[in-house]
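J.: Sequence plus predicted model, see below.
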Amino acid sequence: MLTKKRSLSSDRCFDSEPIQRQLAHQFFDSISALPLICPHGHVDPALLANPAARFGSPTELFIIPDHYIFRMLYSRGIPLQALGIPTSDGSLIETNHRKIWQLFAENFYLFRGTPSGLWLKDELYNVFGVDEPLNSRNAADIYDYLEEQLTLPEFSPRALFKSFNIEVLCTTDAASDTLEHHQSLHQEGFTHIKPTFRPDAVVNLDAPGWRENLAKLESTVDWEISTYASFVQALEERRAFFKKMGATATDQSAATPYTMRLCDQEAEAIFARALAGKLNPGDAQRFIGHMFVEMARMSVEDGLVMQMHCGIARNHNPALFERFGADKGADMPVQIEWTENLRPLLEAYGNNRNFHLILFGLDESTYSRELAPLAGHYPAILLGPPWWFHDSVNGMERYFDQVMETAGLYNTAGFNDDTRAFVSIPARHTVWRRVACNWLAGLVARGLVEEEEGYEMAGALAYDLAKVAYKLD
């Protein structure tokens, strides 16, 4: 057993001003035990569907699947193959997980002051009881300790799911997914693990492997998709099945929130060109913009909440993409525009009380200029929390400062962890709750809201807003 040397600061994320800090502690104490609502994330449902599933080695748990981790290490000249990241071409990679862990520990200092560093310290301390800072000297001992812990029943994925006090967890699943793991979970009574409909692989005509992705969709619906009309029919059928399996939301990602309405003849023509592998310049963008509007139409009809994640340029490093594939830390935020790009969609459905749209963006300059005013006006729109690069203490503080005065607290969607790293879920929620309570404490200290209101707002930010936004009641 490791010797206890230090714990996490109870003041982390709180202001140093005494009155604000005391109020932040009070607000946080009032909501810290609330269950976790996880309405958007990327945990593999297979991890929870198999009662015998385990996380593998500490390296497999903390390093290999987490692009937040190896992105930082790669930026300091450490090759991905040295971290055990699988290659697309089958070339050799490091397979000694102890050696990978040692390399990680030697460079753990790189994560100081970053959200990843904050999450990792929280995970190691609060989940696994590691009370000493990870470094090159104790790396082997900590690895041995973690390896032993991961064999114990209380550290299985299902056991941790329960100990994390997760009330609901939503995964993100391709339109062609059979949802076999969700079906298995539901048969065991795990109906609080829900799928989310993600059609990007077939809606984005320029997605890598689009034709293969369409073939998977054809196999799932068991009919040939040879026309745009049959494509839309397939998506509607899959949405209905996802909803039957407990889904309450859909999710789409694109570089920009460009929307437009094509006539049926134009949509059919573009889809035919895609099938023939002869897309014209601009076809993919126009079709994606059209499908955003179509997904909004479907959401009005079937009640699924629609999410849009925009403002990211994927696979910015082509050499890395060719060798290691997607999601390897080379995605970059880009400048985008919301107000005019969303106009066609909002003219059609923005005032419809049956439509619910949650917006996420990586261009922070749009927070106060566009996103907050849009959410503060249109009944259909809620703002999602700070996303990806801005899921951090400073990112959350900027979000609260730039969004809340114009949009209002209750036009936001609370928090979601948006993670593949299952054991980081409580740490991520803790950071959000602490930063939120500190922001509320500042409002109370300055006399902008009453203390009693602060407690109510803390509960909303930690729990209520997400449940309402994603229809999880």
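T.: Yep, it's here.

J.: which residue is nearest the middle of this protein?
T.: With distances taken as CA atoms, centre = their mean, the residue of the chain nearest its centroid is residue 418 (1.8 Å).

J.: can you map out the strands along the stretch 101-250 of the chain?
T.: 166-170, 173-174, 193-194, 197-198, 249-254 (DSSP state E, counting those that start in this stretch).

J.: From residue 260, how far off is the closest residue to residue 458 other than its chain neighbours?
T.: Leaving aside its chain neighbours, residue 458 sits nearest to residue 27 (4.4 Å; criterion: CB to CB, 6 or more residues apart in numbering). (Glycine included, C-beta is placed from N, CA and C.) Separation of residue 27 from residue 260 (CB to CB, to the nearest Å) stands at 44 Å.

J.: Kindly report the same for residue 35.
T.: On the measure of CB to CB, residue 35 and residue 260 end up 41 Å apart.

J.: Kindly report the same for residue 166.
T.: Taking CB to CB as the criterion, residue 166 is separated from residue 260 by 39 Å.

J.: who's more crowded, the two?
T.: A count of neighbours by other CB atoms under 10 Å puts residue 166 above the other of residue 166 and residue 260, at 20 against 17.

J.: wait, that one sits on residue 429?
T.: No: counting by CB atoms under 8 Å, residue 166 stays clear of residue 429, with 9.5 Å between them.

J.: okay, and the common contacts of these two?
T.: Counting by CB atoms under 8 Å, 6 or more residues apart in numbering, the contacts common to residue 166 and residue 429 are residue 36.

J.: count of neighbours near residue 52?
T.: Using other CB under 10 Å, residue 52 has 7 other residues around it.

J.: and what of the one 5 residues further on?
T.: By other CB under 10 Å, the residues close to residue 57 number 19.

J.: Same question for the one 10 residues further on.
T.: Burial of residue 67 is recorded as 18 neighbouring residues (other CB under 10 Å).

J.: what does the one 4 residues further on give?
T.: Burial of residue 71 is recorded as 15 neighbouring residues (other CB under 10 Å).

J.: Helix, strand or coil: sort out it for me.
T.: Following DSSP: H, G, I helix; E, B strand; the rest coil, the label given to residue 71 is helix.

J.: Let me see the residues that make contact with stretch 100-119.
T.: Outside of stretch 100-119, the residues within contact range by CB under 8 Å, 6+ apart are 12, 58-59, 62-64, 68-69, 72-73, 76, 78, 82-84, 94, 120, 133-136, 138-140, 142-143, 391-393, 395, 421, 424, 427-428, 431.

J.: Tell me the pLDDT of residue 19.
T.: Reading off the confidence values, residue 19 has pLDDT 98.

J.: Please apply the same query to residue 80.
T.: Residue 80 is assigned a pLDDT of 96 by the prediction.
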